[in-house]
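Peer 1: just need the structure, nothing else, for what follows:
(chains A and B)
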Amino acid sequence: MALNIQMKPEEQGADLRLMQRIASGDQAALATLYDRYSSVLYSVAKRVLTDTGAAEEILQDVFLQVWRNASRFDPQRGSLSGWLLVTTRNRAIDRLRRRASPGSDPAPEGLAIPGASLEMSAAQGEMMARVKAALGGLPPGQRAALEMAYFEGLTHSEIAERSGEPLGTVKTRLRTALQVLKKALNP
Amino acid sequence: MNARGHPQFDEDFELYALGALDGEEKQTFELHLRQCPACQQRLARAQGRISVLGWSTDIQPPPAAVKQRLLGLLESVRKPEASRTFRVRLLPFWRSFTLREWGVVSLAAALVVVVVVSATMVIRLRNQNRDLQNQVSTLQTSLQQEKEVSNGARALFRVWFSPDSVKVTLVPGSQHPAPEGKAFYEPRSGGLVFYTVNLPTLPRNQTYQLWLVPNLGNPINAGIFNTDRQGNGGVLLPRLPSGVKAKAFAVTVEPAGGKIQPTGPKVLVGAVS
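Peer 2: Presented below is the predicted three-dimensional model:
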């Protein structure tokens, strides 16, 4: 099974050139990379954490990690957009789990602050439209299970407990959802 | 070994990348991963593919202040130095040395290298030692200063926020104390301390909410609070973006838990002069 949807080669090439400039200490290159990906990374962190302040911290940490370790980025191991999304989601899920542990602070109320415009490349817009359409085509139960896993970091068992569905049903739903997405994203 | 040679795990890569595997399935998969570099690479690719699900969320831009803050931090983050390369040019007269001469020259050169390296290391260690002693001394001084500031702040907080502290509002003559709030705000850091007196206690399904009203844009949530029986309450250092110029502060009554934007009646308003 595979979900083969990635940025176009020209976008990946541009990302690689930016990473090479960042590795040599070019702050303008990091600012350009930030403009390119900050919106989607911030939105993923905010969706996971439902907290604007925590999402801002995750976003900042991820780009500082890029700044420190740009020279170690290996395009052979995957696209930059994929790496950024994986890193952001992992950090957000880790924070969510720490927050859920006893004695930690509850999630603070937050709100979006105006002042920044949403700029997205055509390729990113196309990517978003394709993924949304693919997810929109899933039955509600499959989509809910997939979103609980991706955005809330829940396992099979935790989704079963949350949804009240049998564990076997949840497993089937997730596997089927991934198979359907594969077909939808690779016509 | 070819990763395609492990069909029993074919469906597990995306599920593991998704974080959905647990229990025995997860243990079995992780045990195999540790032993199979090919499957480790296959998992890395699966993580990249699963990551596209992030594009399904509603995309919102982060506040502009985050980028400013990030770019401001870059100077203080150490960048790895580019490695330098040295080229050695061989001179023609080396070619005229005999094998025996080469042996003598090599031995002498090795001795010179050992002496030079040893001397350099001693000098470097001595310099490092002196630098470290200076750093320790500086840190001890700043630690002492921090301790003094911290003790003062702790004492202030204890008096201010202790439930045992008596809080008295002084008013002229026979006037009744009116609700009042004081906000101390530092835009550069986004630091805010707010306290209020004489605000009536709200029912449990309601809360007071403090708003920072910026020069441009919508009010910013600066925290929710409730008051004690004497009407005392406040917000201490809420998470606010740095660098926002405030036009005013306001307190509204909102449903318990607060709102993203103000919806209830304003009970206190103060313009920044």
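Peer 1: state which helix of chain B is the longest.
Peer 2: In chain B, with assignment by DSSP state H, the single longest helix is helix B:99-161.
Peer 1: any stretches of chain A with poor pLDDT?
Peer 2: In the prediction, chain A carries residues with pLDDT under 70 at positions A:1-10, A:101-123, A:186-187.
Peer 1: circling back: chain center to the longest helix of chain B: distance?
Peer 2: Remark: helix B:99-161 is offset 27 Å from the chain centroid, using CA atoms, centre = their mean, to the nearest Å.
Peer 1: what mean pLDDT does it get?
Peer 2: Over the span of helix B:99-161, the pLDDT mean works out to 76.
Peer 1: what sits up against the helix or strand that that helix is followed by?
Peer 2: Following helix B:99-161 in sequence order, the next helix or strand is strand B:180-186 (DSSP states H and E). Under the contact criterion CB atoms under 8 Å, 6 or more residues apart in numbering or on different chains, strand B:180-186 has outside partners B:169, B:191-199, B:210, B:212, B:246, B:249, B:251, B:268, B:270, B:272. (C-beta placed from N, C-alpha, C; glycine too.)
Peer 1: I figured residue B:234 hits residue B:192, correct?
Peer 2: No: if you go by CB atoms under 8 Å, residue B:234 and residue B:192 don't touch, sitting 10.2 Å apart.
Peer 1: looking at these two, which is more packed in?
Peer 2: Taking other CB atoms under 10 Å in any protein chain shown, residue B:234 and residue B:192 do not tie; residue B:192 has more neighbours (22 against 19).
Peer 1: tell me the bridge partners for the more buried one.
Peer 2: In this entry, residue B:192 is beta-bridged to residue B:185, by DSSP bridges.
Peer 1: just to revisit the earlier point, buried subset of the contacts of strand B:180-186?
Peer 2: By neighbour count, with 16 or more other CB atoms under 10 Å in any protein chain shown, the contacts of strand B:180-186 hold B:192, B:194-199, B:210, B:212, B:246, B:249, B:251, B:268, B:270 as buried.
Peer 1: between the residues you listed, which sits nearest residue A:131?
Peer 2: Nearest to residue A:131 among the buried ones among the contacts of strand B:180-186: residue B:212, at 35.8 Å, using CB to CB.
Peer 1: please report phi then psi for that closest one.
Peer 2: For residue B:212, the backbone dihedrals (degrees, to the nearest 10) come out as phi -100, psi 120.
Peer 1: state the distance from it to residue B:269.
Peer 2: 12 Å (CB to CB, to the nearest Å).
Peer 1: so, in contact with chain B or not, the longest helix seen in chain A?
Peer 2: Criterion DSSP H: the longest helix present in chain A is helix A:27-49. Yes: on the criterion CB under 8 Å from any CB of the partner chain, helix A:27-49 is in touch with chain B at A:27, A:30-31, A:34-35, A:38-44, A:46-47.
Peer 1: now these: which count as buried?
Peer 2: The buried subset of those - by 16+ other CB under 10 Å - is A:30-31, A:34, A:38-44, A:46-47.
Peer 1: got TSV for those, with distance to residue A:81 too?
Peer 2: Formatted as TSV, those follow (distance: CB to CB, whole Å):
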residue	distance to residue A:81
A:30	15
A:31	17
A:34	13
A:38	12
A:39	12
A:40	8
A:41	9
A:42	14
A:43	14
A:44	12
A:46	18
A:47	17
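Peer 1: how near is residue B:267 to chain A?
Peer 2: Counting by CB to the nearest CB, to the nearest Å, the separation of residue B:267 from chain A is 18 Å.
Peer 1: ok, for that residue, nearest residue in space, not its chain neighbours?
Peer 2: Nearest residue to residue B:267, sequence neighbours excluded (CB to CB, 6 or more residues apart in numbering or on different chains): residue B:251, at 5.3 Å.
Peer 1: then residue B:51?
Peer 2: Take residue B:51 and drop its neighbours on the chain: the residue closest to it by CB to CB, 6+ apart is residue A:85, 3.7 Å away.
Peer 1: and the one you found, what is it in contact with?
Peer 2: By CB under 8 Å, 6+ apart, the contact list for residue A:85 reads A:40-41, A:44, B:51-52, B:54.
Peer 1: how about the contacts made by residue B:240?
Peer 2: With contact taken as CB under 8 Å, 6+ apart, residue B:240 is in contact with B:190-192, B:212, B:220, B:222.
Peer 1: farthest pair within those?
Peer 2: Using CB to CB, the contacts of residue B:240 reach their maximum pairwise distance at B:191 and B:220, which is 13.9 Å.
Peer 1: and residue B:244, helix, strand or coil?
Peer 2: coil (DSSP: H, G, I helix; E, B strand; the rest coil).
Peer 1: how much space is there between it and residue B:217?
Peer 2: Residue B:244 is 9 Å from residue B:217, where distance means CB to CB.
Peer 1: mind listing the helices for chain A?
Peer 2: Using DSSP H, the helices of chain A run over A:9-23, A:27-49, A:52-69, A:80-100, A:122-136, A:140-152, A:156-163, A:167-185.
Peer 1: now render the ones you listed as a markdown table, adding distance to residue B:262.
Peer 2: Below are the helices of chain A laid out as a markdown table (distance: least, CB to CB, whole Å):
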| stretch | distance to residue B:262 |
| --- | --- |
| helix A:9-23 | 41 |
| helix A:27-49 | 21 |
| helix A:52-69 | 17 |
| helix A:80-100 | 26 |
| helix A:122-136 | 32 |
| helix A:140-152 | 28 |
| helix A:156-163 | 33 |
| helix A:167-185 | 40 |
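Peer 1: near chain A, which residues of the stretch 151-273 of chain B? Just list them.
Peer 2: Residues of the stretch 151-273 of chain B lying near chain A (CB under 8 Å from any CB): B:216-218, B:220-221, B:223-224, B:238-239, B:241, B:244, B:257-258, B:260-261.
Peer 1: take the residues you listed and keep only those in strands.
Peer 2: B:220-221, B:223-224 (DSSP state E).
Peer 1: from the residues you listed, pick the one nearest residue A:172.
Peer 2: Checking these against residue A:172 by CB to CB gives residue B:221 as the nearest, at 41.7 Å.
Peer 1: who does the closest one bridge with?
Peer 2: Counting by DSSP bridges, residue B:221 is bridged to residue B:211.
Peer 1: quick check, it in contact with residue B:211.
Peer 2: Yes: contact criterion CB under 8 Å: residue B:221 and residue B:211 qualify, at 6.7 Å.
Peer 1: which single one of the contacts of residue B:240 is nearest to chain A?
Peer 2: When the contacts of residue B:240 are ranked by distance to chain A (CB to the nearest CB), residue B:220 comes first, at 6.0 Å.
Peer 1: do I have it right that the closest one meets residue B:211?
Peer 2: Yes: taking CB under 8 Å as the definition, residue B:220 is a contact partner of residue B:211 at 6.7 Å.
Peer 1: what about stretch B:22-39, near chain A?
Peer 2: Yes: judged by CB under 8 Å from any CB, stretch B:22-39 comes into contact with chain A at B:22-23, B:25-26.
Peer 1: farthest pair within those?
Peer 2: Spanning the widest gap among the residues of stretch B:22-39 next to chain A are B:22 and B:25, at 7.0 Å by CB to CB.
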